[in-house]
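Undergrad: Build me a model from this:
(3 chains)
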Amino acid sequence: MTAAVNLARPEALRRHRQWRRWSLYGFLGLAAIVWVLPLLWMLSLSLSDNEALVRDTTSLVPVDPTFDNFTTLLESGRTPRWFWNSVVVTVATTVLTLVLSSMAGYAFARIPFRGKRIAFPVVLAGLMVPKEAMFIPLFLIFADVGQHNTYQALVLPRIAAPLGVFIMTQFFSAIPAEIEEAAVVDGASRGTIFWRIMLPMSVPALTALGIFTFVLTWNDFLWPLVSATDPDNFTITTGLASRQGNFAQANALGDLMAQGVFASAPLLVLFFVFQRQVIRGISLGGGGK
Amino acid sequence: MKVNPISQLNRLLLILAAFALLAAACGSDDDSSDDSAVESSDDSGSESSDDGASDDSDDSGSDDSDDSGEEVVLKFARFFGDCEEDVAGVTDVSQATTECEVIQIIENAFNAADNGITVEKIGGQAWGDYYTQLSTAFAGGEVPNVAVMHQHRLPDFAGRGLLMPLDDAFASSDVIDFSDYTGPAQAAASLDGSAYALPFDLHASLWHINVDIYEAAGLTDGDGNPVMPTSTDDLLAQCEAIEAAGSQCFAHDWFEFGVGARLFLALVQQQGGTLADASGVATPDSDEGQEALRFLNELAAHSDPQQGYTDSQSAFLNGEVAILHNGTWVVDQYSREAGFNYLATNVPTLYSQPSTWGDSHMWVLPAAANEDPAMAAASIEFLEFLYDNIENWAIGTGHIAPRTSVLTGGALDDAPQRDSYADTASNAGLVPAVEGWAGAWDALAEELNATWVTGKEQGAALSDAAARMNEELAG
Amino acid sequence: MGQPVTNAGAPVVRSTRSGWAFLAPFLVVYLLFVLYPVVQAVWMGFYERDLLTIDRRSWVGVDNYRRMLWGDGLTWQLGTMWPWRVVGLFAFVPAFRAYRRGALSIRGLVGLGAVLGLVFAVALGIHPGADGRWSDSQFWPSFGNTLVFVIYSTPVIVGVGLGLALALNQPGRFIGLLRTLFFAPYVLSVAVLTLIWAFLLNPQLGLIGELWAALGLERVSWLTDPNLAMPTIVVVTLWWTVGFNIVLFLAGLQDIDRSQYEAASLDGANGWQTFWYITLPGLKRTMLLVVVLQIIASFQIFGQVFILTRGGPNGATRVSIQHIYESAFRDAELGYASAMSVVLFVVMVAVSALQFRFMQGDEQ
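TA: Below is the predicted model:
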């Protein structure tokens, strides 16, 4: 296509490129709207009356519009507490995961050390164990020291994430070796290299890992369910789930959707704020030729 | 090398990290660490005071007790949802509008009374996960003092000796009269002749009828009451009439929650058969089972096998269906919401004896949490309170009271529809009390569903069901 | 397994200390909270252990494995499952060509050939005879369903992720908004996800049913048709999780040198050539990451299938993790569930090892 346009006529080339760009944008925009239709529907249901929904759920526009589902949610005195629990646990988990994963990833990607050939597979193997199998032994570890119903029980099992190490290892290995070698020649220690070179150059990867960890920790259900059994210690996921009666999806659909909106909205906002960091950062001149 | 974005990010991360770790360190001091589930803890002070103070949120773990020294705290696990906030301070059960509110108000009333015991609800889960959480609690050794349990799960826990036998407690109690329970209820609560639970209700399948459609089809008697079929052919004939009048004859959840299997159970038992023989071997492929499956598939032709729980209910409430096979828990809801002449009635006897699927919500006492006689006594006292409130539960929820004196005593007269399905109290047929039944039931439901959803051959479905059920029961 | 690229020539002794120093914080937490439970779980696979009375246990050795993998009255036939077997044996062809190219040693070729032969020519021929049955009638079907899901979902979710990442790899507020929209489903919890889709897919109550009716088509029961259920689950999973791949690919695209693109366009390369010769090679590490993660995630799929179909219709969507979960928590058979997890783990390790070997082999 580009080849068909004569380079000797930059006007035409520019217009052609603009046309292509705008049609791409248009197509993407349309695709995006279709993509989020289910979410729009969820929003609509959350603003609909429960009893009306028992009869009709096929409308994109709220049926018997009402804010009741949200006010019921917010009236619960415990909801802010649950939200706070989620925030603390998720932020702590995300930060600690980033720290541990980036350090380990740097070691695997850039430091030749004895035992690496064994350590790396052992770490990756942790990705491949079904969580359901480890669940009970992990539960017993905390039960034996009476540490359930605590923040640390919710944070500690999650921060040694093989996923994080794998991601950081791959992205650190993509950073050209010459930059690091130059710093070594200048006498920089590994710590300095890590802090001033590796981390800044992997902002996209760190952002990506941070986002994933945040979302996965926020939405974690089964572990907080069995570990934090005191109603004050629920996270927002288990707390909202506890408010459901039986057959809630048949009789209280509006409530359920409102809970879903409430629990997901912060994550969406967070993503929108941070997603720029994923594509930013590497106009760092490129280390190579 | 540009460092601006990373410094920004760095700083943000450092602030967040410090903040989160600080919050985590401070926060965990507030949490009541749960390692004393078994001891009677003194630090609950006098919560839930009876002047209606509604600040339940400092219910757990407040250490500033001017305690009476003898306050016993019971850990209480149940499903039914969490609505503590919605009815905080309310102790009048007539104000309840949902299942959750009824039991919560009962709890509030118990806590408000001057008995030296405080009940604390633990755990929070959507319905499906209750047993995951309870099983994990048993595995971890921190079990509640009082827990709710379905009849079909009792053998798993009682059979392993995890529950405190209650015969002695019932015998010496001034409040609880076990013989007041109906036959099915007593059977539900017992294993090998010993009682392990206090039944709170019987919840069973009913037929919910759109009387207007019955009338349009010419199937009502002189008083306008619908005429219930007395045989399978009778029902099929009724379906023809209903369809001629333009409505769908029958609906229920054909594949989502195993309701089809419940009707199968009912039909088998109506023929005098059982799903498991005396030695605990599953027998879905008995003659009765084959007939029941044959008829269910015929009935499916007068229904819509692609309807699950939500859509069958939706179709019924929209006035499209004559008969909805659902449970006792929706009676009050339908009474409120149906825009037509609505009747809830017993599942008719289509073979030789009356029967319908039933289960029971019961209260059990995990043995490990009640070894201390003081705790056990407190738990029993709570059970006695629950026993006295069976009436309120039945009125508030539509479930059937399992006590004869409540059923005949007139307490339920004002609740809608209760008379029309009163027979179910004695007709309810429970699933066999066999360990491992949950897995067997799932296998049965899946095989049955295969016949009307995917057209699997009925004989093969039943023999596969038998094989799989016995695999589950043996494993 | 694979080896990450390292610096050549750096002093090794000091590196070993600093290497372990950087690894230590992670490793300590990992050993305590990941490895130790895993080892315990593996060990439990040799016992019969009841979830509810967890202190009691009895040693059964490999009985759990026998029960899982074997049965009574099994026979062997050439014709059983022959399409799968023929396809599997065909995998020998690219291996042979790799050998001819020199990318694969003779030992590797023989080894691969032996494995393929064992699995496809021999193992797949085993099945219950007339009066026989597998000891666990659900294990192999759920394993088969899991494999099917992995095979369907991996190319789809990786491919769509890559395509969208390429399209969204531009600065700008509007594109940022589009990125957020395509990623948005990922923030939903599994409970909300399945709630939305259960209703959407419902032939009577859902938007899709309405759309179908509006188009004059007969209403389709997506989740209760044995042929459509698994593909439907793939679509739902795609909608939910493709955001993960998009973000990883976006991050990976940043590492490709811009100057290469400029040089290419000056040379008159069109879009496809740019993609094939510059973008794709530049994404190699990311591609390995995404594909390995996708396959592992697909092997461990559970939540959305369980809630949407409960494994139905007629077991068509029962996956391995569901079987493990039900064994552990519904049937209280902790030992058996652990043994099944070990088998699943071994399969995942084998598949990942192969991937590392073939996708990163050139980097050695």
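Undergrad: How many residues are close by C:V119?
TA: The criterion is other C-beta atoms under 10 Å in any protein chain shown. On that basis, C:V119 has 14 neighbouring residues. For the C-beta atoms, the positions are set from N, CA and C on the backbone; glycine is no exception.
Undergrad: residue contacts, it?
TA: Listed by C-beta atoms under 8 Å, 6 or more residues apart in numbering or on different chains, the contact set of C:V119 reads C:G88.
Undergrad: Would you mark the buried spots in the longest helix seen in chain A?
TA: Ranked by residue count and defined by DSSP state H, the top helix of chain A is helix A:10-46. Applying a neighbour-count criterion of 16 or more other C-beta atoms under 10 Å in any protein chain shown, one finds A:25, A:28, A:32, A:35-36, A:38-39, A:41-46 buried in helix A:10-46.
Undergrad: For that helix, name the packing helices and strands.
TA: Other elements packing on helix A:10-46 under the criterion 3 or more C-beta pairs under 8 Å, 6 or more residues apart in numbering or on different chains; DSSP states H and E are helix A:253-279, helix C:173-183, helix C:190-201.
Undergrad: Mean pLDDT and mean neighbour count added to those, as JSON lines?
TA: Output for the helices and strands packed on helix A:10-46, formatted as JSON lines (pLDDT from 0 to 100; neighbours: other C-beta atoms under 10 Å in any protein chain shown):
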{"stretch": "helix A:253-279", "mean pLDDT": "88", "mean neighbour count": "21"}
{"stretch": "helix C:173-183", "mean pLDDT": "90", "mean neighbour count": "19"}
{"stretch": "helix C:190-201", "mean pLDDT": "91", "mean neighbour count": "23"}
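Undergrad: between those, which one is nearest to C:D72?
TA: C:D72 sits nearest to helix C:190-201 of all the helices and strands packed on helix A:10-46, at 37.8 Å, using C-beta to C-beta.
Undergrad: can the helices and strands packed on helix A:10-46 go into TSV with extra columns for distance to chain B?
TA: Compiled in TSV, the helices and strands packed on helix A:10-46 are given as follows (distance: least, C-beta to the nearest C-beta, whole Å):
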stretch	distance to chain B
helix A:253-279	7
helix C:173-183	15
helix C:190-201	7
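Undergrad: which one of these lies closest to B:L163?
TA: Relative to B:L163, the nearest member of the helices and strands packed on helix A:10-46 by C-beta to C-beta is helix C:190-201, separated by 30.7 Å.
Undergrad: For whichever residue of the stretch 301-450 of chain B sits closest to chain A, list the residues it contacts.
TA: Using C-beta to the nearest C-beta, the single residue of the stretch 301-450 of chain B nearest to chain A is B:T310, 4.4 Å away. Remark: with contacts taken as C-beta under 8 Å, 6+ apart, B:T310 is in contact with A:Q249, A:A250, B:E256, C:F199, C:N202, C:L205.
Undergrad: For the stretch 1-150 of chain B, what lies in contact range of chain C?
TA: Applying the criterion C-beta under 8 Å from any C-beta of the partner chain, the portion of the stretch 1-150 of chain B that neighbours chain C consists of B:A126, B:Y131, B:T132, B:S135, B:F138, B:A139.
Undergrad: Scan these and report the most crowded one.
TA: With neighbours taken as other C-beta under 10 Å, the top of the residues of the stretch 1-150 of chain B next to chain C is B:A139, carrying 26 neighbours.
Undergrad: helices or strands up against whatever helix or strand it lives in?
TA: With the criterion set as DSSP states H and E, the secondary-structure element containing B:A139 is helix B:130-140. In this structure, helix B:130-140 packs against helix A:131-144, helix A:222-227, strand B:72-77, with contacts taken as 3+ C-beta pairs under 8 Å, 6+ apart.
Undergrad: Following the record's annotation, map out the domains of chain B.
TA: For chain B, whose domains are defined here by automatic domain parsing, the residue ranges read B:6-202+B:360-402, B:205-359+B:426-473.
Undergrad: Of the ones you listed, which shows the lowest average pLDDT?
TA: Set side by side, the domains of chain B show their lowest mean pLDDT on domain B:6-202+B:360-402, which sits at a mean of 78.
Undergrad: Name the residues linked to the closest residue in space to C:W140 that isn't next to it in sequence by a beta bridge.
TA: If the residues on either side of it in the chain are set aside, C:W140 comes closest to C:W134, at 6.2 Å by C-beta to C-beta, 6 or more residues apart in numbering or on different chains. Beta-bridge partners recorded for C:W134 (DSSP bridges): C:G71.
Undergrad: Enumerate every residue touching C:W134.
TA: Taking C-beta under 8 Å, 6+ apart as the definition of contact, the neighbours of C:W134 are C:W70, C:G71, C:L74, C:P128, C:W140.
Undergrad: got it, and A:A107?
TA: If you count contacts by C-beta under 8 Å, 6+ apart, A:A107 has them with A:F113, A:K116, C:S18, C:G19, C:W20, C:F22, C:L23.
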